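K.L.:
sequence isn't available, so here's the structure alone:
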């Protein structure tokens, strides 16, 4: 595996392909995504499809590649033995998921009895600008290594459909159209972030419109100013709750990962957060001073 490396720098020196991310749900753009360092080298590796296929060939041959013995057959069996049950048919082994190979069955035919489908051993990995899929059918000594230098973080199920359709084609079945499983917030997170940014820009314009000194505010407009100030505070509170509480909990990740892995979201979300954190206090103080000046005016 001469073209496999634990660090991005080494992979780039070996002519690793640039990664692409889908921006605004419309087009792919070459995008830099920060490489995680905490998992190196236990969970991060840059490899070519050829190297990965050689790894699969060795595992399917009981740990032997050519004339070299890399692993004992018992070690390979232990790697594929599921120790945790994920759901009714899916298990987790040592870095590999196991499940029945449903892609080998004709979807139009009656359901096959449980336990008659071949066992599939698979592993998937992805960042914001790449997608990798490895699969093995030990009973057929079949291995699949798929490496794509692009990803759609808003709807990664589109690329996952390629994984399963490859298995269908290899087993004589017709591919099926991709079905997007992600919820609306993930699919349109860029639009939500852009909408929040527009709302914050409108808030700034209203500050310039109502709070820049133009003489005492008429008494009839004070309730309007108070209502606008309350709405602005509610907007800031909603943005902070959505970005710091709801979205990290909903996607089981942190805000920093969201900003880095969703670059089209980050370009709107960062200024939204900056305004929501830094602007409410001076804006409220400014409003209170303006209201006090209007009450003191003759």
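P.N.:
That came through fine. Remember, predicted model here, so these are calculated numbers, not experimental data.

K.L.:
just confirm residue 89 is within a helix.
P.N.:
No: assignment of residue 89 by DSSP: H, G, I helix; E, B strand; the rest coil gives coil, placing it outside any helix.

K.L.:
let me know the pLDDT of it.
P.N.:
The model reports residue 89 with a pLDDT of 87.

K.L.:
one more: residue 2?
P.N.:
Reported pLDDT for residue 2: 88.

K.L.:
one more: residue 156?
P.N.:
88.

K.L.:
same check, this time on residue 179
P.N.:
pLDDT at residue 179 comes out at 86.

K.L.:
residues contacting it?
P.N.:
Neighbour list for residue 179: 157, 161 [criterion: CB atoms under 8 Å, 6 or more residues apart in numbering]. Backbone N, C-alpha and C define where each C-beta goes, glycine included.

K.L.:
one more time with 6 Å, if that's ok
P.N.:
With CB atoms under 6 Å, 6 or more residues apart in numbering as the criterion, no residue contacts residue 179.

K.L.:
got it, and residue 89?
P.N.:
99-100.

K.L.:
same thing with residue 186?
P.N.:
residue 154.

K.L.:
could you report the distance from the residue nearest to residue 250 when sequence neighbours are not counted to residue 68?
P.N.:
Leaving aside its sequence neighbours, residue 250 sits nearest to residue 185 (CB to CB, 6 or more residues apart in numbering; 6.8 Å). Applying CB to CB, to the nearest Å, the value for residue 185 to residue 68 is 49 Å.

K.L.:
more neighbours: which of those two?
P.N.:
Using other CB atoms under 10 Å as the criterion, residue 185 and residue 68 rank with residue 185 on top: 15 against 8.

K.L.:
and the more buried one, what helix or strand is that in?
P.N.:
Taking DSSP states H and E as the definition, residue 185 sits inside helix 184-187.

K.L.:
in the helix or strand following that helix, what counts as buried?
P.N.:
With elements assigned by DSSP H and E, the helix or strand that comes after helix 184-187 is helix 189-210. Within helix 189-210, the residues scored as buried using 16 or more other CB atoms under 10 Å are 189-194, 196-197, 199-200, 203, 206-207, 210.

K.L.:
contacts for helix 189-210?
P.N.:
Counting by CB under 6 Å, 6+ apart, 24, 225, 228, 232, 235, 239, 264-265, 268-269, 272, 275 sit against helix 189-210.

K.L.:
quick one: average pLDDT of that helix?
P.N.:
Computed over helix 189-210, the average pLDDT equals 85.

K.L.:
next secondary structure after it?
P.N.:
By DSSP H and E, the next helix or strand past helix 189-210 is helix 222-241.
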